[in-house]
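Chemist: would you be able to build a 3D model of this:
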Amino acid sequence: MNKILAVALILAVTTAAVYWPVATHDFLLFDDDKYITDNRLVRAGLTREGVRWAFTDYSTNWHPLTWISHMLDVEMFGLNPGAHHLVSLLVHCANAILLFLVLMMFTGRIWPATATAALFAVHPLHVESVAWSAERKDLLCAFFSFLAMGAYCRYARRPRIVRYLPVVLAFSLGLMAKPMIITLPFVFLLLDYWPLGRFKRSDNAAGVAGDRRPGRAGPRLVLEKFPLLALSVACGTIAFIAQSKGGTVGDALSSPPGTQLANAAVSYCRYLLKTIWPRDLSVFYPYPVEDLPLWQVAGAALVLATLTILCFRARRASPSLAVGWLWYLGTLIPVIGLVPVGAQAMADRYTYLPLIGVFIALSWGGAEFLERRRYPRAGLLWSLGAVLAALLILTRIQVGYWKDTVTLFGHAVEVAPDNELAHLDLGVALFNQGRIEEAIAHYRAVLRINPRAEDAHNNLGAALFKQGKLEESLPHFREAIRLCPDYADPYANIGISLLTQGQGAAAAPYFATADRLRARGVRRCPGQ
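Modeler: Alright, predicted model coming up:
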């Protein structure tokens, strides 16, 4: 028990130390405004109207507990960004400790559990989930997932309905934080295989009282997951409808299914590469405009198939390898891009739960491999310490990139100079700081990458107008309207420009059109 408490304390202190700079970070002009600073109901704190809206709004995403957590932050701390970030850090520390305790419950092995939890706590790929206020949903859904796993371990060892209900409750709360955990019933089946070993037990051990006929535990283990699967289907359907209404789900017919499958295969491998060598991490990885090279797709498919076969063949000697690998593959499915959501090809935040599978495979599989070869434990601990030390340094550097919007997207542009969204959002941040000439340079960079970017045309027009270049600004406003006739902002900007030039009568129709579009809730071109 003393060792367990010591490990939990070390995990919390180390995680807090590496992430502590978030206490001085600002909110970002990248979803933080939609989630917190510009959201009327969240800014009001915890109110009856806000809670009702959190559970009944399906306009973008359905995650009521996430909304309520932001409302609670505002209720307690106002719009102090540092306090909001520290709450996220506190949840991440709790998650690292919970993961360690859950793995100890399942396996009773302290050192592999410690290694897995430590890798989870300080890996640079998880910085996005912790340092970005808008991604509180990642932290909360993981928190309730770990509680559900702990409850499931207790249920699996002595199956009773009264022990099953906490599993359902924790899983339901996790779904209300972020629907990505719809795959948790699949994770429970993996845990049934290893370390619980329920597939080898009699039916009674699988949860059916009064029947000890061997060999039929598998179907009953699947059957006992049906209530959880029903919740997954219901929540997944709600999430899909909400994201479709919010315009975040890409049109599945706009690109061939083969393109989506190719991006999924390559993304699986890119995540693995960034896990092993976490460099050039970015807030946004653009979806490929052109088809991925055949060699990349074929190579990724070969790597995935080879690793799957190797883990399957090693399942008896090292079942942790198969479980960890299938955990990684399965939990990424909702966000791997088979149904496009947004314009990103992949995102660091999507690895927050899936990488636990990789860490399990590395920690338990590595420990088993080295133990069979009688590798000294001291050497193993020194090797783990060196890896964690390197990750701590890289994570601390990555945390610094999330200080503010200019720093974040400035780094994204350095990583990928052709990143359209990074240039656009960096331009907006610079414009808001009064750095107009720099903003113009980034808007022009967007138009070099994509001449049909209506936001860039509108923003460039606004920047030129700010410089007093009225005649130069109008063509960009008109081009934004041509590209997207339902985009309200350029109509309003033309109206302001004409009014500034003393042409009030000519400006009136533009203001009227902008008001009409905004009354309909239109802010930008649908589907783009």
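Chemist: quick one: buried residues of the longest helix that the chain contains?
Modeler: Using DSSP state H, we find that the single longest helix of the chain is helix 81-107. Going by neighbour count (16 or more other C-beta atoms under 10 Å), the buried part of helix 81-107 is 81, 84-89, 91-107. (C-beta placed from N, C-alpha, C; glycine too.)
Chemist: so, low pLDDT: which residues of the protein?
Modeler: Within the chain, the segments meeting pLDDT under 70 span 59, 201-216, 244-257, 340-342, 374, 376-379, 521-528.
Chemist: in it, which residue is closest to the centre?
Modeler: In the chain, the C-alpha nearest the mean C-alpha coordinate belongs to Arg349, at 3.1 Å (C-alpha atoms, centre = their mean).
Chemist: shouldn't that one be within a strand?
Modeler: No. Using DSSP: H, G, I helix; E, B strand; the rest coil, the assignment for Arg349 is helix, not a strand.
Chemist: related to what we said a few turns ago, for the longest helix of the chain, packing partners?
Modeler: If you count contacts as 3 or more C-beta pairs under 8 Å, 6 or more residues apart in numbering; DSSP states H and E, helix 81-107 packs onto helix 2-19, helix 64-77, helix 110-122, helix 127-131, helix 136-157.
Chemist: now render the ones you listed as a markdown table, adding distance to Leu355 and mean neighbour count.
Modeler: Shown next, in a markdown table, are the helices and strands packed on helix 81-107 (distance: least, C-beta to C-beta, whole Å; neighbours: other C-beta atoms under 10 Å):
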| stretch | distance to Leu355 | mean neighbour count |
| --- | --- | --- |
| helix 2-19 | 15 | 16 |
| helix 64-77 | 21 | 20 |
| helix 110-122 | 7 | 23 |
| helix 127-131 | 11 | 26 |
| helix 136-157 | 11 | 23 |
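Chemist: save the ones you listed as CSV, and put in distance to Arg43 too.
Modeler: Formatted as CSV, these follow (distance: least, C-beta to C-beta, whole Å):
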stretch, distance to Arg43
helix 2-19, 26
helix 64-77, 6
helix 110-122, 32
helix 127-131, 22
helix 136-157, 16
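Chemist: re the thing from before, chain center to the longest helix of the chain: distance?
Modeler: 16 Å (C-alpha atoms, centre = their mean, to the nearest Å).
Chemist: what angle sits between it and helix 110-122?
Modeler: Taking axes from the mean of the first three to the mean of the last three C-alpha atoms, to 10 degrees, one finds helix 81-107 and helix 110-122 inclined to each other by 160 degrees.
Chemist: what's the angle between helix 81-107 and helix 136-157?
Modeler: Here helix 81-107 runs at an angle of 20 degrees relative to helix 136-157 (the same axes, to 10 degrees).
Chemist: what's the angle from helix 81-107 to helix 64-77?
Modeler: Orientation check (the same axes, to 10 degrees): helix 81-107 against helix 64-77 gives 130 degrees.
Chemist: on that earlier part again, mind listing what the residue nearest to the centre of the chain touches?
Modeler: Contact partners of Arg349, counting by C-beta atoms under 8 Å, 6 or more residues apart in numbering, are Glu128, Ser129, Trp132, Glu135, Asp138.
Chemist: could you measure the fourth one against Val387, distance?
Modeler: As judged by C-beta to C-beta, to the nearest Å, Glu135 and Val387 stand 25 Å apart.
Chemist: neighbour count winner among the two?
Modeler: Per other C-beta atoms under 10 Å, whichever of Glu135 and Val387 has more neighbours is Glu135, with 22 against 15.
Chemist: check contacts around the spatially closest residue to that one that is not a sequence neighbour.
Modeler: For Glu135, ignoring the flanking residues on the chain, the nearest one in space by C-beta to C-beta, 6 or more residues apart in numbering is Ser129 at 4.8 Å. Applying C-beta under 8 Å, 6+ apart to Ser129 gives the contacts His92, Glu135, Asp138, Leu139, Asp348, Arg349, Tyr352.
Chemist: next one: Ala117
Modeler: If you count contacts by C-beta under 8 Å, 6+ apart, then Ala117 has Val7, Leu11, Ala96, Ile97, Leu99, Phe100, Leu103 around it.
Chemist: now do His84
Modeler: His84 makes contacts with Phe27, Ile36, His70, Asp73, Phe77, Ser133, as judged by C-beta under 8 Å, 6+ apart.
Chemist: got these as a markdown table, with distance to Ala343 columns?
Modeler: Shown next, in a markdown table, are those (distance: C-beta to C-beta, whole Å):
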| residue | distance to Ala343 |
| --- | --- |
| Phe27 | 22 |
| Ile36 | 22 |
| His70 | 24 |
| Asp73 | 28 |
| Phe77 | 32 |
| Ser133 | 21 |
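Chemist: quick one: which of the residues you listed is nearest Asn61?
Modeler: His70 (12.7 Å; C-beta to C-beta).
Chemist: thought the closest one was touching Glu135?
Modeler: No. Contact criterion C-beta atoms under 8 Å: His70 and Glu135 do not qualify, at 11.4 Å.
Chemist: stretch 436-448: which residues count as buried?
Modeler: By neighbour count on 16+ other C-beta under 10 Å, the buried set for stretch 436-448 is Ile436, Glu438, Ala439, Ile440, His442, Tyr443, Ala445, Val446, Leu447.
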